[in-house]
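Enquirer: give me a model of this one.
(chains A and B)
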Amino acid sequence: MTGSITYPGAVAPQRERFITSCGLRVHVCEWGDAAAEPLVLTHGFFDHARAFDLLAPLLAERYRVIAWDSRGHGDSDWADNYSWSVDVMDHVNLLRDTGPALLVGHSRGGGLAADVTALYPEGVRRLVLLDGFGPPPEGVKMEQGRDWRPERTPPEELETLLDWRHKTGEAKGFRPRATLDELARGRKTQNPRLSLDWLRYFAQHGAKAVPGGFTWKVDPLAARGFGPFTPSWVDETMKCLPVPVLAVEPGEADVWALPEPWRSERLALAPKLTRCTVEDSGHFLAVEQPVAVARAVLDFFADAV
Amino acid sequence: MKRLTSGRVQVALHTLSQREGPPLLALHALGASHLEFNELAPHWPGPVFALDFAGHGASDVLRGRAYSAEQVWVMDADTALAHIGRAYLVGRGLGAYVALMLAGTRTAQVPGALLLAGRGLAGGGEAPDAAQIHADRAALRRNLDAAATMDAELRPDPMVFETESHHRPVRFARSFAERATKLVFGDACEPPPPWWRAAREVQSAAHADDGGLRALTQLAAADSV
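Expert: I've put the predicted structure just below:
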């Protein structure tokens, strides 16, 4: 979608299409020469493909750049349920469409791309993780100043989930806000490092008009997972990455970034790892410092054979 | 047969017998349906209800086909339980794992649960490791083939078997066993999966012998006195 809100350096995709995965339509955006080598960008949790509008055009000078919306996010279909393993299958189905590719994943998208690399190595040539190194062992700290979430037992968590799902199984979306600007301002409380100008651009593509104003396109159900996952499982994936991996780390502390010492401990498990730090950036590297990130990615991929 | 709304889909709840007494909710194995409890129903001293999990029997398939014992099938069972009221559970394979979770969560509604072996009991083992990830590579290819089979009328949905690689750690299962009122364990497959052994250890003092349906029936009889 081409909207009226612009942002310096942001370039809309040159091509948009859908692929089908597990019966769902998955939205795919592309920049650059369609005959060039494919490079796939995978967004993070509650994000969407158009968050790469700054980075993608810089990479498109050399590659066919492909960004996609995870199911339940952006312009991809909503599902009746969400699971990590089927999100992995969506990513693999995209690679079966594009052919073997260079992967770049941000945040949760980094975890997804890493699992795809471990499970479908024939489809992956190299992997870049943009601050996507998995959650810390204690879980995610949701807000500045708030304590670590107190640990609850799985039965307590399940009871809450069941009660919530019985109420919201038919949920049509998040509560609408009167204007896109209001959505952008709400997002800024969660991502304080990002400018309002960027968040307005982000909201233009990540939100839709509904009665009463605008709401995020993302499915509320995609936010609520439950299962036996523990962050140590990410360690096992890291150990099994068969391709060279570049870890791009933010120079600034950020509530969404994996803190030390866990970051170094986890990254050290990858057999073929290069680390690089992008200064003056928090978690949203591709938005905060797209030029520096593009340079790091292009350098890392340049000698891929 | 009743159709109940579970999340965004509808699932089928079948009444297998209607005699007076404590209700029993039966939860089938992975890839099976309510039909596998037809022979058991006459042996229970109360009404027997049997569910078809999403993607199975007369229940809907999930749009996007992302099945999960912890997020989908336990909700289906909870929906059935809310419809029936307080009930004993019997689960086979996948249904045993779901029965464990439900018994450990809705403790006031589930006075006892019988866990039996069957398909979908083990899941993908304790946790990922190099050997497991290697096995999951092969499973992924099978799952991609299953996902390519698109037939809304087909039951079970071939994608339900994707859950056979989902991990079931001991500490997770134990947390439900510790809260459940009573669990009765039938004969497990050999070797029994780690989660099953851990849950059985938690409740071993109450049920040292694997009495199966007879033990659950005795429990229900004592309960009603």
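Enquirer: lowest-scoring secondary structure element of chain B by mean pLDDT?
Expert: helix B:212-224 (a mean of 80; mean pLDDT, DSSP states H and E).
Enquirer: list the buried residues for that one?
Expert: Going by neighbour count (16 or more other C-beta atoms under 10 Å in any protein chain shown), the buried part of helix B:212-224 is B:212-213, B:215-217, B:219-220. The C-beta positions use only the backbone N, C-alpha and C, and glycine is treated the same way.
Enquirer: which one's the longest strand in chain B?
Expert: Taking DSSP state E as the criterion, chain B has its longest strand at strand B:9-17.
Enquirer: and the contacts of it?
Expert: A:80, B:1-4, B:26, B:34, B:37-38, B:41-42, B:44, B:47-54, B:57-63, B:76, B:79-80, B:83-84 (C-beta atoms under 8 Å, 6 or more residues apart in numbering or on different chains).
Enquirer: return it as CSV; C-alpha atoms alone will do.
Expert: This file holds the C-alpha atoms of strand B:9-17, laid out as CSV (Å, rounded to 0.1, in the frame of the first residue of the first chain):
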residue,chain,number,x,y,z
VAL,B,9,-14.0,-23.2,15.5
GLN,B,10,-16.6,-25.8,16.5
VAL,B,11,-15.9,-29.2,17.9
ALA,B,12,-18.2,-32.2,18.2
LEU,B,13,-19.2,-33.7,21.6
HIS,B,14,-20.9,-37.2,21.3
THR,B,15,-23.0,-38.8,24.0
LEU,B,16,-22.0,-42.5,24.1
SER,B,17,-24.2,-43.6,27.0
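Enquirer: how far out from the middle of the chain is that strand?
Expert: Offset of strand B:9-17 from its chain centre (C-alpha atoms, centre = their mean, to the nearest Å): 14 Å.
Enquirer: remind me what the next helix or strand after it packs against, helices and strands.
Expert: Moving toward the C-terminus from strand B:9-17, the next helix or strand (DSSP states H and E) is strand B:24-27. Contacts defined by 3 or more C-beta pairs under 8 Å, 6 or more residues apart in numbering or on different chains; DSSP states H and E place strand B:24-27 against strand B:48-52, helix B:74-84, strand B:88-92, helix B:94-105.
Enquirer: coming back round to it: which of the contacts of strand B:9-17 count as buried?
Expert: Here, 16+ other C-beta under 10 Å leaves A:80, B:4, B:26, B:34, B:37, B:41, B:44, B:47-54, B:57, B:59-63, B:76, B:79-80, B:84 buried among the contacts of strand B:9-17.
Enquirer: give me the pLDDT for residue 146.
Expert: Picking chain A for this. Listed pLDDT for A:R146 reads 43.
Enquirer: nope, chain B please
Expert: At B:A146, pLDDT is 89.
Enquirer: and it, how many neighbours does it have?
Expert: Neighbours of B:A146 under the rule other C-beta atoms under 10 Å in any protein chain shown: 17.
Enquirer: could you look up the SS state of it?
Expert: Look at B:A146: counting by DSSP: H, G, I helix; E, B strand; the rest coil, its state is helix.
Enquirer: quick one: contacts for it?
Expert: Neighbours of B:A146 in contact, by C-beta under 8 Å, 6+ apart: B:158-159, B:161-162.
Enquirer: same deal with A:A292?
Expert: By C-beta under 8 Å, 6+ apart, A:A292 lies in contact with A:278-279, A:281.
Enquirer: which residue is the nearest non-sequential neighbour of B:L102?
Expert: In this structure, B:L102 finds its nearest non-sequential neighbour in B:A77, 5.1 Å apart by C-beta to C-beta, 6 or more residues apart in numbering or on different chains.
Enquirer: same check, this time on A:T274
Expert: Nearest non-adjacent residue to A:T274 (C-beta to C-beta, 6+ apart): A:L246, at 4.9 Å.
Enquirer: is it true that that neighbour touches A:T277?
Expert: No. At 11.6 Å, A:L246 does not count as touching A:T277 under the criterion of C-beta atoms under 8 Å.
Enquirer: can you list the weak-confidence ranges in chain B?
Expert: For chain B, the stretches flagged by pLDDT under 70 are B:204-211, B:224-225.
Enquirer: just give me the residue right at the centre of it.
Expert: B:G95 (1.4 Å; C-alpha atoms, centre = their mean).
Enquirer: for the residue nearest to that one when sequence neighbours are not counted, list each beta-bridge partner.
Expert: Spatially, and ignoring its direct neighbours in sequence, B:G95 is nearest to B:L27 (3.1 Å; C-beta to C-beta, 6+ apart). Counting by DSSP bridges, B:L27 is bridged to B:L51, B:G91.
Enquirer: please name the residues that touch residue 21.
Expert: Went with chain A since none was named. Here A:S21 is in contact with A:71, A:89-90, A:93-94, B:147 (criterion: C-beta under 8 Å, 6+ apart).
Enquirer: hmm, I had chain B in mind actually
Expert: Counting by C-beta under 8 Å, 6+ apart, B:G21 touches B:44-47, B:220, B:224.
Enquirer: so the residue in chain B that chain A sits nearest to is in which element?
Expert: For chain B, the residue closest to chain A is B:G64, as judged by C-beta to the nearest C-beta, at 2.7 Å. B:G64 belongs to no helix or strand when elements are defined using DSSP H and E.
Enquirer: phi, psi of the residue of chain B most remote from its centre?
Expert: For chain B, the residue at maximal distance from the C-alpha centroid (C-alpha atoms, centre = their mean) is B:A130, at 28.6 Å. B:A130 adopts backbone torsions of phi -60, psi -40, taken as degrees, to the nearest 10.
Enquirer: the least confident helix or strand of chain B - contacts with which helices or strands?
Expert: strand B:88-92, strand B:113-116, strand B:183-185.
Enquirer: mind giving me the packing neighbours of the longest one?
Expert: Contacting strand B:88-92 under the criterion 3+ C-beta pairs under 8 Å, 6+ apart are the following elements: strand B:24-27, helix B:94-105, strand B:113-116, helix B:212-224.
Enquirer: how about 10 Å then?
Expert: On a contact count with 3 or more C-beta pairs under 10 Å, 6 or more residues apart in numbering or on different chains; DSSP states H and E, strand B:88-92 meets strand B:24-27, strand B:48-52, helix B:74-84, helix B:94-105, strand B:113-116, strand B:183-185, helix B:212-224.
Enquirer: got a markdown table for these, with distance to A:K217 too?
Expert: Formatted as a markdown table, those follow (distance: least, C-beta to C-beta, whole Å):
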| stretch | distance to A:K217 |
| --- | --- |
| strand B:24-27 | 36 |
| strand B:48-52 | 33 |
| helix B:74-84 | 24 |
| helix B:94-105 | 32 |
| strand B:113-116 | 41 |
| strand B:183-185 | 43 |
| helix B:212-224 | 48 |
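Enquirer: which among the ones you listed is found nearest to B:W195?
Expert: Ranking the helices and strands packed on strand B:88-92 by proximity to B:W195 (C-beta to C-beta) places helix B:94-105 first, at 7.4 Å.
Enquirer: what residues of the closest one count as buried?
Expert: So, applying 16+ other C-beta under 10 Å, buried residues of helix B:94-105: B:94-105.
Enquirer: what separation is there between A:S76 and chain B?
Expert: From A:S76 across to chain B, the span is 10 Å (C-beta to the nearest C-beta, to the nearest Å).
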